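Peer 1: Okay, here's the prediction I keep looking at, along with the sequence it came from:
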Amino acid sequence: MKKLITLLSLLVTISFYAQNAEVKGQIKDDQGNEIAFANIVFKNKKDSLKVFGTIGGEDGKFKLKIPRAIYTVEVSIVGVKPKLITLDASQKRKIDMGIIEISSSVALDAVVVKSNPSSYKIDLEKKVYDVSKDITARGGTLAEVMQNLPSVQVEPDLSISIRGDSNVRILVDGRPNGLASTANLFSTIPASSIERVEVITNPSSRYAAQGSAGIINIVLKKGKKKQLSTSLEVFTGYRLNVGTNVNVSQTGETGSWYLNGGVGYSEPKAINNISLIDLVNTSETSDQESDRIRNQSYYLFNVGGRKNFNEKTSLVASATFRQAGSDNFNETTYRDFTNNNLSNSSLRDEDEEEDNTFVQGSVTFDQKFAKEGHKLSINTSAEYTKLKEDAAISSSDIFPVQQNLDTDITGNDEEMSRYVISMDYILPLEKNVTFELGYRSDLTRIENDFSVERSTSQGDAFIIPEFTDQTKYTENVHAFYSQISKKYKKLAFKLGLRAEISDIDITSARNNFKDAKNYTNLFPSAFISYNVNEKNELQVSASRRVNRPRSWMIIPFSTFTDERNIFVGNPDINPSFIVATELNYIYKASNNLGFYPTVFYRKTNDEVEFFVERQQLTIGNQTQDFFASTIANIGDYTAYGGEIGMWLKATEWWNMWTEVIFNGFRQRGSFRGASFDGDGLLFTARYNANFTLFKSTKFQIQSYYRGPIETGQYRRRGFYAVNLGLSRSLFDGKGSIAVNVRDLFNSNKRLVITFGTDFERDLELQYRVRQINVSFTYRFTKQKGKGKKGNQYDSYEIIN
């Protein structure tokens, strides 16, 4: 009996295997990259109840046995449209489906595809940098991230330009950042809190017209994983740089929420050297050496969520709190020479305490309608920024005699409030036509109270009126826009018009100064694109934009950290108006190679430039020379050039991004007798490469070069910078450790010669010396969930 049962079991087993087919294959995206943990489902065409499935491995490969039949195979990952394949498995016992490609277009309003090994995603509308793949930024802040953006140049003093134009509008989650200083903004947002950065070089009428160079939008993380997801980062470095960041998020059927927090402390060092030649008295020269150490700390909390009332109605709310403080120590040595012999030497020590508080809240109401793409969005936000700076500045003579001189006590209190309300309405019409309509009001108020009190070595104390003032600045901008777009086969166009009404009021307690500026301007835009085929796309665009003077450019107020070099605002400055045109081309030669060339042209009327002149100032019966910098309208400026980016996946373990920009210019103008006429060509290049050394180890190199240029009063020498990063995955992908070196050769320096009618000044500025960081990150959810290769974050659009 046992033998009979064994024989029957064997026959059943043989029969079962004879009626089954073994199927295998591999899932990749359209860039040729393996997709981990995709869902593969086999549905019997004759019997819908017979469904078989499996999950792909980390390398994208799968294998399973199914009864012989004809199936519909569905391959899916979260956030990407499923791919359907018909498979005839009724005849063969073994079937190799080979490589199954899934499109990398994401269906969650995303722009970054997680399966793409490159940090860059380029399309005709914008360029996107995926911060999660930047090893060199780990343990750092937004300052490190900005240096790797496509088309963007970052100066050693952290000033930003796009293709040589410094008039860039910087947003955080689609909104103004609230900090007057980009350096303060960049140092208070940890890199691990950033999902991506978007660069829009020629925005349409939907966006605010401010900023001739374009828009940079920093998108913070807002988790979208269904399970509770938490990641923790701790870091340290040399020079001292320590801190921790945490990201927590969760998404459910009725909404989502997220929390990002971070705390950090660092001691970056800056160097500033100046040499001066007197062209009137050629025997007189001087130099200045400054070392500045910032003992700075930051706290960041960003919380928000989305409530879905139903499939079409939702409410999004967010709140941000940033607190930054620093104790800054600046030591400056002055040396004066006569016939190359030292005639005088003095020392100036500054001890400054700085506190910066930023609070922002926003609420967005989204309503979708029955027709696909028909929606209404209403947003309101409020923010408050408070800056407090107090410094004690002491001076002393070193040569020919040693003696203590004056002590200056400076105070700067600044408060800024901003309120924004906006509405965007999108209405799809018939025949692939879409109509857009929008409104925005931006109300800004800034109050500044600055004072300088001098105590002499004889015990006298008095206020220096030239550096003491109370100012108020209000700016109200109201905007309306409309756009219409149409698609016809492979051709698409978008025409728009934006109207902006600006009201600016300035008051200064000193001399009872008052001024008001009012502008009403129209800003049209036009975009035409042609999709030749899957590998080739073209777009031509043109727009009118404006550079409105920022508050610090207008307020007639002087800084006072270096008594030999000060800055004074110019209330007579006017906006600059720009016509910008671009021709963009995308050529995807293969899954491993893409070219992205651009030709651009910008014409600016009433161009704004820095102007430097030597002046004299009398303080306490002592007259001294100093250099005053200001901002002025100098004339017309024309910029033109070309840019080409190339992404190449050379091997399975090596991919790279290369970018070259040629930026020519022609400038004609003058101010106070100084000529700003000039022609030139600026060359910049970037090379970023990623290497997979082992399965869990990656190496990254980033290099940047900016060539020399001469314009107006300035001649700038070229400079280069190199960053390195190494990371290793730990604990089955749940953790990782990274080491990076910023500015490997200590070469990221601003080198500028300024020419005046009676002087020549040579400046060397290094905002931050070489930095080495080590970071450890641990994720409390699986690094790669089932098919979670799509975008894991909500898309926060730029407010118009």
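Peer 2: Nice, I can see it.

Peer 1: check contacts around Q402.
Peer 2: S396 (C-beta atoms under 8 Å, 6 or more residues apart in numbering). Every C-beta, even on glycine, is put in place using the N, C-alpha and C of the backbone.

Peer 1: State the mean pLDDT of stretch 657-676.
Peer 2: Averaging pLDDT along stretch 657-676 gives 91.

Peer 1: all strands for the stretch 401-550 of the chain, in order.
Peer 2: 403-428, 433-455, 461-463, 469-488, 491-508, 513-533, 536-547 (DSSP state E, counting those that start in this stretch).

Peer 1: rank those strands by mean pLDDT and give me the bottom one.
Peer 2: strand 461-463 (a mean of 88).

Peer 1: Parallel or antiparallel, which strands does that one pair with?
Peer 2: strand 433-455 (antiparallel) (DSSP bridges).

Peer 1: Can I get the partner strand in PDB, CA atoms only?
Peer 2: Extracted in PDB, the C-alpha atoms of strand 433-455 (Å, rounded to 0.1, in the frame of the first residue of the first chain):
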ATOM      1  CA  VAL A 433      -6.200  73.800 -25.100                       C
ATOM      2  CA  THR A 434      -5.600  74.800 -21.500                       C
ATOM      3  CA  PHE A 435      -6.300  78.200 -20.000                       C
ATOM      4  CA  GLU A 436      -4.700  79.600 -16.800                       C
ATOM      5  CA  LEU A 437      -5.500  82.500 -14.600                       C
ATOM      6  CA  GLY A 438      -3.900  83.800 -11.400                       C
ATOM      7  CA  TYR A 439      -3.400  86.500  -8.900                       C
ATOM      8  CA  ARG A 440      -0.800  87.200  -6.200                       C
ATOM      9  CA  SER A 441      -0.300  89.900  -3.600                       C
ATOM     10  CA  ASP A 442       3.100  90.100  -1.800                       C
ATOM     11  CA  LEU A 443       3.200  92.600   1.100                       C
ATOM     12  CA  THR A 444       6.700  93.200   2.800                       C
ATOM     13  CA  ARG A 445       7.700  95.500   5.600                       C
ATOM     14  CA  ILE A 446      11.300  95.900   6.900                       C
ATOM     15  CA  GLU A 447      12.400  98.000   9.900                       C
ATOM     16  CA  ASN A 448      16.100  98.500  10.600                       C
ATOM     17  CA  ASP A 449      17.800 100.200  13.600                       C
ATOM     18  CA  PHE A 450      21.600 100.600  13.300                       C
ATOM     19  CA  SER A 451      23.800 102.500  15.700                       C
ATOM     20  CA  VAL A 452      27.600 103.000  16.300                       C
ATOM     21  CA  GLU A 453      29.000 104.400  19.500                       C
ATOM     22  CA  ARG A 454      32.700 105.300  19.800                       C
ATOM     23  CA  SER A 455      34.700 105.300  23.000                       C
END
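
Peer 1: list the buried ones in it?
Peer 2: Applying a neighbour-count criterion of 16 or more other C-beta atoms under 10 Å, one finds 434, 436, 438, 440, 442-444, 446, 448-452, 454 buried in strand 433-455.

Peer 1: Adding distance to Y473, write those residues out as TSV.
Peer 2: What follows is the buried residues of strand 433-455, written out as TSV (distance: C-beta to C-beta, whole Å):
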residue	distance to Y473
T434	39
E436	32
G438	26
R440	20
D442	14
L443	12
T444	8
I446	4
N448	8
D449	12
F450	13
S451	18
V452	20
R454	27
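
Peer 1: Out of the residues you listed, which comes closest to I398?
Peer 2: Distance to I398, by C-beta to C-beta, is smallest for R454 among the buried residues of strand 433-455, at 20.2 Å.

Peer 1: hang on, the closest one packs against N621?
Peer 2: No. In this structure, R454 is not within contact of N621 by C-beta atoms under 8 Å, at 11.8 Å.

Peer 1: end-to-end on stretch 709-720?
Peer 2: End-to-end distance of stretch 709-720 (C-alpha to C-alpha, to the nearest Å): 14 Å.

Peer 1: Pull the distance from it to the chain's centre.
Peer 2: Here stretch 709-720 is found 25 Å from its chain centre; the criterion is C-alpha atoms, centre = their mean, to the nearest Å.

Peer 1: what's the answer for stretch 609-622, then?
Peer 2: With C-alpha atoms, centre = their mean as the basis, stretch 609-622 stands 36 Å off its chain's centre.

Peer 1: Can you tell me the closest non-neighbouring residue to V769?
Peer 2: Excluding the flanking residues, the one nearest V769 by C-beta to C-beta, 6 or more residues apart in numbering is K269, at 5.0 Å.

Peer 1: Against R761, how distant is the closest residue to S283 other than its chain neighbours?
Peer 2: In space, and not counting its chain neighbours, S283 is closest to N339: 4.9 Å by C-beta to C-beta, 6+ apart. Noted for N339: a distance of 20 Å to R761, by C-beta to C-beta, to the nearest Å.

Peer 1: ok, these two, which is more surrounded?
Peer 2: R761 (20 against 9; other C-beta atoms under 10 Å).

Peer 1: That one contacts R715, correct?
Peer 2: No. Assessed by C-beta under 8 Å, R761 is found out of contact with R715, at 10.9 Å.

Peer 1: shared neighbours of these two, anything?
Peer 2: Joint contacts of R761 and R715 (C-beta under 8 Å, 6+ apart) are I753.

Peer 1: Domain boundaries for this protein, per the record?
Peer 2: Per the record, the chain has its domains at 19-102, 120-220, 255-779, by the TED database.

Peer 1: In JSON lines, list the ones you listed along with distance to L228.
Peer 2: Output for the domains of the chain, formatted as JSON lines (distance: least, C-beta to C-beta, whole Å):
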{"stretch": "domain 19-102", "distance to L228": "16"}
{"stretch": "domain 120-220", "distance to L228": "18"}
{"stretch": "domain 255-779", "distance to L228": "10"}
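
Peer 1: between these, which one is nearest to G237?
Peer 2: Judged by C-beta to C-beta, the one of the domains of the chain that comes nearest to G237 is domain 255-779, at 3.8 Å.

Peer 1: for L185, helix, strand, or coil?
Peer 2: helix (DSSP: H, G, I helix; E, B strand; the rest coil).

Peer 1: Was I right to think it contacts M146?
Peer 2: No. Between L185 and M146 there is no contact under C-beta under 8 Å: 9.9 Å.

Peer 1: so where is the stretch 101-250 of the chain shaky, pLDDT-wise?
Peer 2: 103-118, 124, 177-184, 223-227 (pLDDT under 70).

Peer 1: Mind listing what's buried along stretch 19-27?
Peer 2: Buried residues in stretch 19-27, counted by 16+ other C-beta under 10 Å: A21, V23, G25, Q26, I27.

Peer 1: so where do the helices sit in this structure?
Peer 2: For the chain, applying DSSP state H gives helices covering 2-18, 142-146, 182-187, 551-554.

Peer 1: what's the burial count for T410?
Peer 2: 22.

Peer 1: Show me what it is bridged to.
Peer 2: Counting by DSSP bridges, T410 is bridged to A391, V452.

Peer 1: Who are the contact partners of it?
Peer 2: E389, D390, A391, I393, F450, S451, V452, E453, F467, F560, T561.

Peer 1: List the strands paired with the longest strand along the chain, with their directions.
Peer 2: Ranked by residue count and defined by DSSP state E, the top strand of the chain is strand 622-651. Sheet pairing of strand 622-651 (DSSP bridges) gives strand 565-567 (parallel), strand 593-619 (antiparallel), strand 654-671 (antiparallel).

Peer 1: got a list of contacts for the first one?
Peer 2: So that's strand 565-567. I274, S558, T559, F560, F626, F627, A628, S629, T630.

Peer 1: and if we set it to 10 Å?
Peer 2: Strand 565-567 is contacted from outside by 272, 274, 288, 466-467, 552-553, 557-561, 610, 612, 615, 617, 626-631, 761, 763, using C-beta atoms under 10 Å, 6 or more residues apart in numbering.

Peer 1: any residues in contact with both of L185 and M146?
Peer 2: Joint contacts of L185 and M146 (C-beta under 10 Å, 6+ apart) are L158, I170, I218.

Peer 1: Just put those in JSON lines and tack on distance to R544.
Peer 2: Shown next, in JSON lines, are the shared contacts of L185 and M146 (distance: C-beta to C-beta, whole Å):
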{"residue": "L158", "distance to R544": "29"}
{"residue": "I170", "distance to R544": "21"}
{"residue": "I218", "distance to R544": "26"}
